[in-house]
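1. Need coordinates for the following:
(chains A, B, C and D)
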2 protein chains.
Amino acid sequence: MAERGKQTVRDLRRGSRSTLLQRLYFEGPLSRQELGQVSGLSAGSVSNVVGELLADGLVEECGSVESDGGRPRILLQVPPGRAHLVGVDVGETQVRVALFDLGLTELAASDHPLSDCGHDSDHVVELILTGLAEVLESTGTDPATVLGVGVGVPGIVEQGDPGTDGAGIVVHSQTVDWDAVPIGRMLRAGTDLPLYVDNGAKTLGQAEMWFGAGRGARHAVVALFGSGVGACVIAEGARFRGATSSAGEWGHTKVHVGGRLCRCGSRGCLEAYVGAEALVERWGRAPAGSSEKAGLAALLAAAEAGEADAVELLAEAAEYFGAAIADLINLFNPERIVIGGWAGLMLGPRLLPAIRDAATAYALRFPRAQTSIDLGRLGPDAVTVGAATLPLWHFLQSGGELPARLAAAAAG
Amino acid sequence: MAERGKQTVRDLRRGSRSTLLQRLYFEGPLSRQELGQVSGLSAGSVSNVVGELLADGLVEECGSVESDGGRPRILLQVPPGRAHLVGVDVGETQVRVALFDLGLTELAASDHPLSDCGHDSDHVVELILTGLAEVLESTGTDPATVLGVGVGVPGIVEQGDPGTDGAGIVVHSQTVDWDAVPIGRMLRAGTDLPLYVDNGAKTLGQAEMWFGAGRGARHAVVALFGSGVGACVIAEGARFRGATSSAGEWGHTKVHVGGRLCRCGSRGCLEAYVGAEALVERWGRAPAGSSEKAGLAALLAAAEAGEADAVELLAEAAEYFGAAIADLINLFNPERIVIGGWAGLMLGPRLLPAIRDAATAYALRFPRAQTSIDLGRLGPDAVTVGAATLPLWHFLQSGGELPARLAAAAAG
DNA sequence: GAGGCTTTCTTCAGGCCGTGATTTAACGTG
DNA sequence: CACGTTAAATCACGGCCTGAAGAAAGCCTC
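-> As a prediction, the model looks like this:
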C-alpha cells in the first residue's frame, strides 16, 4: 500500500544530490568531511557528488578552516546569487510580489492595492503578472535565472495533475468568492516560469517552519491566527496535504456544535469564536470604521487597562483557542505547536500562558507532554517568503534541477 | 527537511522486492508480465527479482493462463503457508490470541477472560504468553515460522527506540490505569519472537483499510465508534503516527468547550456525547446490570419503536458524530471516511444518512465533496487480524525479510 | 628547511542494480 | 511439422555507492 514505484539506479544519485544540497542549504557552510558524516554517505561519494554540484554551479567553495595540523577543510555553500525565486502574496487588501535570491533575501518587491475591483480573479492575475514584470525589470533579472513563482492565495488550492506544469491548479475560496478559478492556466498564459500555488496560510506556516519558530521540528503544527484561523501541519518534515491538499482547515473545526454562526455558513466554528474579525465584532467597542487590526489593538489595550468585558472576552478566546489546540495535539501528536499570524503575534504575549493552560486541561496527558507551544516569529509579510519556498522546495527536493536555459548557461 | 538518509544500490533491490511482494500479496496471482506493468519495472528485472523470491520460497508458481496463441503466462502468488503471524487483542473483557497464516486465515485462537485481576499488567502479559504457547502447540506450529507477534492494546503506545527489537515499547492508558507499562520488555522476557504493539483501535483501523471498507484508499480515516471513540488516520497509504505515534486520538476532541464531563477528566469531549457508554448512561433506561452492548441494542430498539427520547438521543448523537467527522474532513482531507467499531456497525444503518447530512452541513464544501462516508465491514474480532498486520506490514515493507532460522530452512 | 605526521580530499577497483535488446521457451494454427 | 505469437530468461552496458589506497595540504620537529 505504500509502493514507491520504479526506482532506477539514477534515482539514487538524485537522492544523494538532494540530501547534500539540503544539508548545505540549511546547515550553512559545511566541509565535504562533515557532509559525509551528517548525510551518511561515504567520503568517496560525497566527493563525487559535490564535484558534480560544483560543475553545475549549485555549490561553491567559500574559504577553509584549519584542522588541527592537517589539511584544512574546504567549506562549501549554496551560492545565494546562483538563481532567483519569486513569491506572491494575494492578501486581503493587496497583491504583493517579491523577488528573492536563493538565500531568500528580498531583492525587490511590488505592491498593488486591491481596493477597486475587489478580488476579481482576472484582475488579480493581471496584478501578479505586472508585479512579476516589475520586480524582474527593476533589478535587471534575467527570467531564465528564476526557478519558479510561488503564489499564496486565500482559499483551498486543488493541485491538479502534476504533469501539466501547474496549468491544472484550481482555487476555491468561499471568502473572496472564487469558485474553481483556474489560476494555473490563467497565469500560464502570461508567463513561462514554473508555477507553484498554495494557500497563503500554508505558505506562512512553511516560512515559520523553515526560518521561524518551527526550525528543526519534524512534526509540528503552525496555528495561524489572523482575521480567520488556519493551520499548517508538518509531518515527517513535509507539509501534510491530504488527498487534495486542503488538509489543515482548522478554522472551521467545531468548538460548540450548533453554536455561533460563522462566515462559512456553518455553526460553532472555532473561527467564529476566536478569529480577529469575530473578536472585534463581539467586543463591539472598536472605533467605527477602523481597520480590523486597529480594532483588535484597541481591544487588547482595553484589556490591558483592565476593562472587564475586554478581559473576559480575551480570556474566553484563550480558553477556546487552547481547547482547539488540544484537539490538534490529540489528532496530530506534534512535537511543537507554533502560534503565528498577525493576531497571534499581537495577542500572543498576553494570552500564551492561558492558552497553554487550556491546552493542558483539554488535551490528553501523554501527547500534551510531548508538545511545546510557542509563539511564531514571522509577521504576515512572511507570506511572500513562504510562497517563495514552494519553488525552492522543489529545487532542493529534486537535487538542484534547473530550468533548461539556466543549466545551459552554467555549462558554457 | 525530508532527507531519507543514506541509500545504497542495495536498497534499490530491497525496494523492488518489496514492491513486487506487495503487489503479489494484495492483487492476487499475477504473471511476471503483469507484474512488470503494474510495478513499472522492466521485464528483465522482474524476472531477476522473482527468481530471487522463488529461491527464498516467498513466492510460488500457481498454474498458468493461456495467452492468445503464445506461451502461457505463469501465475505467481505468495504461498499462504510459508509463514505464520500472531495477532493479540487485549480487550476490555478478555485477551484473545490468534494464529494466522500469511493469507491471514485464522488457524487457531485462544481466549482468556479478564474478570478476576482486571487489567493488572503482569497478569495480561502472562495471559498473552500462555495464549501464544497454546495456539502454537495446538497447531503444532514451529515458532521459527512465525514472522512476529502483533499486539493491540488500549491506550497510547510509545514505540521507543526502533533498534531495540521492541523492548522499548511503553504503554500509557488512562482507562485501564496503565502508567508507562514497559510491555515490550515484559513480553520480551517470555518470547524471542519479533514484537509489534499498537493501539487496538488503530489495528482495527488497519484491518479495515486492508481487508474492509478502506481497500484501495490512500488517504482515509477510519472512525472507530465503540464504548469510546477513536480514529485511525491513513495518509499516503500508511498509518499517520505523529511524533510519538499517538496521532488520531479523536475521542477527546472538543465538541462543546466546557461541556459534559468525560471519563478522561476533561470536559466537552466527543466521547462524552456519542460514545456507547455515554449514550447508554444518558438514556438511563437500559435494563440494570446489562452489558453495554445490550444496553445500546435496547436503545436502538427503543428508537426503532419510535420512543421519543431514544429517537432524539440518537438524532443528537448523529449530529455530533457528523460534526466531528466534518472536523476530520477539514483537518485531514481524506478521500474516504470509514465508520467502524461495534457500536458503529450496530447504529450505522440507522444513523448513516443523518451523519452524512451533518458532515455536509458542518464541513467545508470542497473537502467534503472529495470524501465518501461509508460503514466499516469488520466486527470487533478484527482487532486480532489488524494486530497481525503489524508484523505482516514489516514483512512486506522489508521485501520479505525472514527470521534467521526460517531463512536457513528455505536454503536447505 | 627537510622530513614526518595528521587530516582532508580524490581516485579507482569491485560488487550490485535496472534497462533494453536478444535469445530461448512454450503454445496454437495451418 | 514449420510458422507466428507471446512469455520468460539471459546478458552486455552504463551507473551507483563503498572502501581502500593514494595524493594534497597544511603543521611540527629536528
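2. Can you give me the distance of residue A:77 to DNA strand D?
-> To DNA strand D, residue A:77 is 19 Å away according to C-beta to the nearest atom of the strand, to the nearest Å. Placement of C-beta: from N, CA and C, glycine included.
3. The spatially closest residue to that residue that is not a sequence neighbour and chain B, how far apart?
-> Excluding the flanking residues, the one nearest residue A:77 by C-beta to C-beta, 6 or more residues apart in numbering or on different chains is residue A:29, at 4.5 Å. From residue A:29 across to chain B, the span is 18 Å (C-beta to the nearest C-beta, to the nearest Å).
4. can you tell me which residues contact residue A:29?
-> Residues counted as contacts of residue A:29 (C-beta atoms under 8 Å, 6 or more residues apart in numbering or on different chains) are A:62, A:63, A:75, A:76, A:77.
5. burial of the third one, as a residue count?
-> When you say that, I think you mean residue A:75. Residues near residue A:75, counting by other C-beta atoms under 10 Å in any protein chain shown, number 18.
6. okay but it is in contact with residue A:61, surely?
-> Yes. In terms of C-beta atoms under 8 Å, residue A:75 counts as a neighbour of residue A:61; the distance is 6.9 Å.
7. got the buried residues for whichever helix or strand residue A:295 is part of?
-> Element membership of residue A:295 [criterion: DSSP states H and E] is helix A:292-304. For helix A:292-304, the neighbour count (16 or more other C-beta atoms under 10 Å in any protein chain shown) marks A:292, A:293, A:295, A:296, A:297, A:298, A:299, A:300, A:302, A:303 as buried.
8. and the residue of chain A nearest DNA strand D?
-> residue A:44 (2.6 Å; C-beta to the nearest atom of the strand).
9. before we move on, the earlier item: of all the contacts of residue A:29, which comes closest to chain B?
-> Proximity of these to chain B (C-beta to the nearest C-beta) peaks at residue A:76, which lies at 16.7 Å.
10. give the contact list for the nearest residue to that closest one once chain neighbours are set aside.
-> Distance criterion C-beta to C-beta, 6+ apart; nearest residue to residue A:76, sequence neighbours excluded, is residue A:59 at 5.3 Å. Going by C-beta under 8 Å, 6+ apart, residue A:59 touches A:21, A:24, A:50, A:53, A:76, A:77, A:78, A:79.
11. could you measure residue A:59 against DNA strand C, distance?
-> 11 Å.
12. what's the pLDDT at that residue?
-> At residue A:59, the model reports a pLDDT of 96.
13. Need phi/psi at the residue nearest to residue A:77.
-> When read as degrees, to the nearest 10, the backbone of residue A:29 gives phi -60, psi 130.
14. ok, so what distance separates it from DNA strand C?
-> Counting by C-beta to the nearest atom of the strand, the gap from residue A:29 to DNA strand C is 11 Å.
15. Next: residue A:267.
-> The value you get for residue A:267 to DNA strand C, if C-beta to the nearest atom of the strand is used, is 54 Å.
16. May I have the beta-bridge partners of that residue?
-> On the basis of DSSP bridges, residue A:267 is bridged to residue A:261.
17. what's the neighbour count on it?
-> A count of nearby residues for residue A:267, using other C-beta under 10 Å, gives 17.
18. any idea of the mean pLDDT in stretch A:229-245?
-> Regarding stretch A:229-245, the rounded mean pLDDT is 94.
19. quick one: that stretch near chain B?
-> Yes. Stretch A:229-245 comes into contact with chain B (C-beta under 8 Å from any C-beta of the partner chain), by way of A:231, A:233, A:235, A:236, A:237, A:238, A:240, A:241, A:242, A:243, A:244, A:245.
20. hmm, which of these are the buried ones?
-> Among those, those classed as buried by 16+ other C-beta under 10 Å are A:231, A:233, A:235, A:236, A:237, A:240, A:241, A:242, A:243, A:244, A:245.
21. Identify the residues contacting the helix holding residue A:295?
-> Contact with helix A:292-304 is made by A:227, A:276-277, A:279-280, A:283, A:285-287, A:290, A:310-311, A:313-314, A:342-343, A:346-347, A:350, as judged by C-beta under 8 Å, 6+ apart.
22. Also stretch A:33-42?
-> By C-beta under 8 Å, 6+ apart, stretch A:33-42 touches A:16, A:19-20, A:23-24, A:27, A:30, A:43, A:45-46, A:49-50, A:73, A:76, B:3, B:5-6.
23. PyMOL command for the buried members of those?
-> Restricted to buried positions by 16+ other C-beta under 10 Å, the PyMOL selection for the contacts of stretch A:33-42 reads:
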select buried, (chain A and resi 16+19+20+23+24+30+45+46+49+50+73+76) or (chain B and resi 3)
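24. The contacts of stretch A:33-42 in strands, which ones?
-> Of the contacts of stretch A:33-42, the ones assigned to strands by DSSP state E are A:30, A:73, A:76.
25. Nearest to residue B:196 among the residues you listed?
-> residue A:30 (37.6 Å; C-beta to C-beta).
26. Run through the residues of the stretch 101-250 of chain A sitting next to DNA strand C.
-> Residues of the stretch 101-250 of chain A found near DNA strand C (C-beta under 7 Å from any atom of the strand): none.
27. Just say helix, strand or coil for the residue of the stretch 101-250 of chain A found nearest chain B.
-> As assessed by C-beta to the nearest C-beta, chain B sits closest to residue A:242 within the stretch 101-250 of chain A, at 2.7 Å. Secondary structure state of residue A:242, per DSSP: H, G, I helix; E, B strand; the rest coil, is coil.
28. Please name the nearest non-neighbouring residue to it.
-> Nearest to residue A:242 is residue B:333, by C-beta to C-beta, 6+ apart, at 2.7 Å.
29. ok so, going back, looking at the contacts of residue A:29, which is nearest residue B:112?
-> residue A:76 (61.6 Å).
30. Show me the beta-bridge partners of the closest one.
-> In this entry, residue A:76 is beta-bridged to residue A:30, residue A:61, by DSSP bridges.
31. who are the neighbours in contact with it?
-> If you count contacts by C-beta under 8 Å, 6+ apart, residue A:76 has them with A:24, A:29, A:30, A:31, A:32, A:35, A:50, A:59, A:60, A:61, A:62.
32. What of residue A:32?
-> Contact analysis of residue A:32 by C-beta under 8 Å, 6+ apart lists A:43, A:46, A:47, A:50, A:73, A:74, A:76.
33. again, but for residue A:385
-> The contact partners of residue A:385, taken as C-beta under 8 Å, 6+ apart, are A:87, A:98, A:100, A:104, A:106, A:207, A:211, A:378.
34. Tell me how far the third one lies from residue A:184.
-> In this view, residue A:100 and residue A:184 are 22 Å apart by C-beta to C-beta, to the nearest Å.
35. So between the two, which is more surrounded?
-> Between residue A:100 and residue A:184, residue A:100 has the larger neighbour count (other C-beta under 10 Å), namely 28 against 24.
36. thinking again about what came up before, select only the buried ones of the contacts of residue A:385 in PyMOL?
-> Command for PyMOL that selects the buried part of those, burial taken from 16+ other C-beta under 10 Å:
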select buried, chain A and resi 87+98+100+104+207+211+378
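37. about what we covered before: could the contacts of residue A:32 go into JSON lines alongside pLDDT?
-> Below are these laid out as JSON lines (pLDDT from 0 to 100):
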{"residue": "A:43", "pLDDT": "95"}
{"residue": "A:46", "pLDDT": "96"}
{"residue": "A:47", "pLDDT": "96"}
{"residue": "A:50", "pLDDT": "97"}
{"residue": "A:73", "pLDDT": "93"}
{"residue": "A:74", "pLDDT": "94"}
{"residue": "A:76", "pLDDT": "96"}
